[in-house]
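> no FASTA, just this:
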């Protein structure tokens with residue numbers, strides 16, 4: 001037998017290294033194969049691995065994507081985002097559209113779960129860009145379902161119904177009956193939110209007829225009970241909610257069922273039962289809205305019992321959750337972000353045409369300079385006179401601008417001083433009383449309830465803005481003109497809604513009407529036009 005040479009030893013060592021390096025990718029591949037049939041085993045296998053810089057980039061990227069998919073299938077929160085960020089950056093370089101779509105979706109889920117709906121929407125829109133032509137119907141169903149949730153929270157129910165219906169269509173095409181049925185429940189829930197209880201019940205019954213899954217049946221009975229409660233049919237509501245408690249649950253559903261029972265019992269003056277179920281709801285996973293409403297019920301029951309100290313404790317917690325709700329409600333609506341996303345795509349295409357025409361720019365610049373010097377030579381005698389006129393005009397515009405800024409500052413300071421004088425009373429007031437106090441501040445400072453005084457004040461402050469709008473746009477209502485003035489005062493959405501006696505979602509729709517009546521293409525043009533008028537430009 002021939003002894004091994006150095007060459008044979010090196011070859012053997014090389015193959016041993018290859019074998020060792022191939023173990024990790026094979027485990028990732030096994031996890032990928034187990035993902036649909038045994039997601040818990042796939043997650044366990046992935047958690048045993050420790051991806052680091054020794055793993056090649058392709059394996060690290062696939063690991064991050066599979067890890068997030070396993071978390072989703074096991075109903076666990078998506079973390080850490082560093083994993084999906086690496087996968088996202090890698091697949092961007094590789095331009096792998098199917099996996100990019102999934103990465104953007106999981107990134108969006110992270111934002112959605114933390115109530116950062118603006119960032120979540122941007123990620124969902126990017127996921128749609130990469131998945132619409134890939135026929136990944138299951139992923140499309142999930143994207144539109146999540147976007148429907150965001151629209152529903154933002155009270156854009158018309159858009160929410162569209163998104164949920166798209167989700168149902170895609171889930172059905174993917175053969176995901178339970179997921180499609182859950183979205184049908186969401187459609188019913190949306191109809192309930194707009195108080196169309198008959199339509200809501202119709203969708204609930206339709207969903208129940210599509211699957212016998214026990215978890216789904218519990219959710220469907222829960223929604224039917226809540227629908228009866230909103231319709232003030234308390235006996236039927238109690239029957240279905242109690243029945244739903246006997247079914248298995250996931251996520252926040254059990255807390256929702258207990259809270260609804262608590263609310264129902266409070267309405268029928270069974271305060272001990274209301275307290276019991278509200279307390280039970282807080283022991284289970286729930287979102288901040290359910291928690292806020294539970295603390296409201298607890299505070300009210302303590303008030304009925306006469307325990308004002310404990311009531312104050314619950315009211316403090318209720319107020320904390322209310323502040324969180326206001327912050328989230330002030331986020332940009334999903335429809336606005338969709339419009340911006342489509343505009344960005346249009347701009348990208350326009351740039352391509354501009355590049356083609358770019359060679360004309362030097363010629364145009366040279367021609368413009370030639371014309372400029374020729375005209376300058378011909379009008380040399382009038383140049384000094386023109387400069388004086390321009391200087392005078394510039395000074396006038398500057399003085400007018402300074403005047404408008406001073407007037408606006410004085411108004412803003414007046415409002416803040418009025419709020420400060422009410423600080424002690426405001427601190428002790430209930431949420432509804434605070435709204436009244438805030439409204440009184442604006443009425444006293446701006447004379448919102450007296451059109452003659454209000455229009456005179458706004459004309460002085462904003463360069464005859466009210467008169468300009470009345471003369472040039474006679475179809476505009478006083479409420480729309482009032483919005484234009486309050487917009488220039490930089491009032492927040494909640495304050496605008498309070499002064500104009502509207503819901504926050506209606507303020508955006510009002511702005512759209514003003515844009516249309518002024519024959520403008522976008523709200524950006526409206527913002528610029530109002531500022532130009534107020535500054536005398």
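Received the coordinates, thanks. This is a predicted model, so every value here is computed, not measured.
> Now do the contacts for the closest residue to residue 512 other than its chain neighbours.
Closest residue to residue 512 apart from its sequence neighbours, by C-beta to C-beta, 6 or more residues apart in numbering: residue 523 at 7.3 Å. C-beta coordinates here come from the backbone N, C-alpha and C atoms, glycine included. Each residue near residue 523 by C-beta atoms under 8 Å, 6 or more residues apart in numbering is listed here: 511-512, 515.
> May I see those residues arranged in JSON lines, with pLDDT, neighbour count and distance to residue 95 as well?
Below are the contacts of residue 523 laid out as JSON lines (pLDDT from 0 to 100; neighbours: other C-beta atoms under 10 Å; distance: C-beta to C-beta, whole Å):
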{"residue": "511", "pLDDT": "89", "neighbour count": "18", "distance to residue 95": "39"}
{"residue": "512", "pLDDT": "91", "neighbour count": "15", "distance to residue 95": "37"}
{"residue": "515", "pLDDT": "91", "neighbour count": "18", "distance to residue 95": "38"}
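> For those residues, could you give me JSON lines that also reports secondary structure?
Listed next are the contacts of residue 523 as JSON lines, based on DSSP: H, G, I helix; E, B strand; the rest coil:
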{"residue": "511", "secondary structure": "helix"}
{"residue": "512", "secondary structure": "helix"}
{"residue": "515", "secondary structure": "helix"}
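> Can you tell me which of the residues you listed lies closest to residue 130?
When the contacts of residue 523 are ranked by distance to residue 130 (C-beta to C-beta), residue 512 comes first, at 29.9 Å.
> From residue 505, how far out is the closest one?
11 Å (C-beta to C-beta, to the nearest Å).
> how about JSON lines for the contacts of residue 523, with distance to residue 188 added?
JSON lines is the format used below for those (distance: C-beta to C-beta, whole Å):
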{"residue": "511", "distance to residue 188": "31"}
{"residue": "512", "distance to residue 188": "28"}
{"residue": "515", "distance to residue 188": "34"}
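> what's the closest of those residues to residue 35?
residue 512 (44.2 Å).
> Buried ones in the helix or strand containing residue 130, by neighbour count?
Assigned by DSSP states H and E, residue 130 falls within helix 117-131. Residues of helix 117-131 classed as buried by neighbour count (16 or more other C-beta atoms under 10 Å): 117, 119-128, 130-131.
> For residue 309, state which of those residues is nearest.
residue 117 (37.1 Å).
> what about stretch 153-165, distance to the chain center?
12 Å (C-alpha atoms, centre = their mean, to the nearest Å).
> related to what we said a few turns ago, who are the packing partners of the helix holding residue 130?
For helix 117-131, the helices and strands in contact under the criterion 3 or more C-beta pairs under 8 Å, 6 or more residues apart in numbering; DSSP states H and E are helix 97-113, helix 137-153, helix 334-356.
> looking at those, which one has the lowest mean pLDDT?
Sorting these by mean pLDDT places helix 334-356 lowest, at a mean of 59.
> I'd like the next helix or strand past that one.
From helix 334-356, the next helix or strand downstream (DSSP H and E) is helix 360-378.
> So for that next one, mean pLDDT?
76.
> In terms of secondary structure, what does it contact?
Looks like helix 360-378 contacts no helix or strand (3+ C-beta pairs under 8 Å, 6+ apart).
> What are the buried residues along that helix?
For helix 360-378, it's none, nothing buried (16+ other C-beta under 10 Å).
> what does stretch 221-232 give?
221-229, 231.
> and what of stretch 273-282?
Result for stretch 273-282 [16+ other C-beta under 10 Å]: buried residues 273-278, 280-282.
> Need the contact partners of that stretch.
By C-beta under 8 Å, 6+ apart, the list of residues contacting stretch 273-282 reads 254-256, 258-259, 261-263, 265-266, 290-291, 294, 297-298, 301.
> mind redoing it with 10 Å?
With contact meaning C-beta atoms under 10 Å, 6 or more residues apart in numbering, stretch 273-282 is reached by 241, 245, 252, 254-268, 270, 290-291, 293-302, 304-305, 314, 317.
> For these, which PyMOL command selects only the ones that are buried?
To isolate the buried ones among the contacts of stretch 273-282 in PyMOL, judged by 16+ other C-beta under 10 Å, type:
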select buried, resi 241+245+252+254+255+256+257+258+259+260+261+262+263+264+265+266+290+291+293+294+295+296+297+298+299+300+301+302+314+317
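> With that, I have no additional questions.
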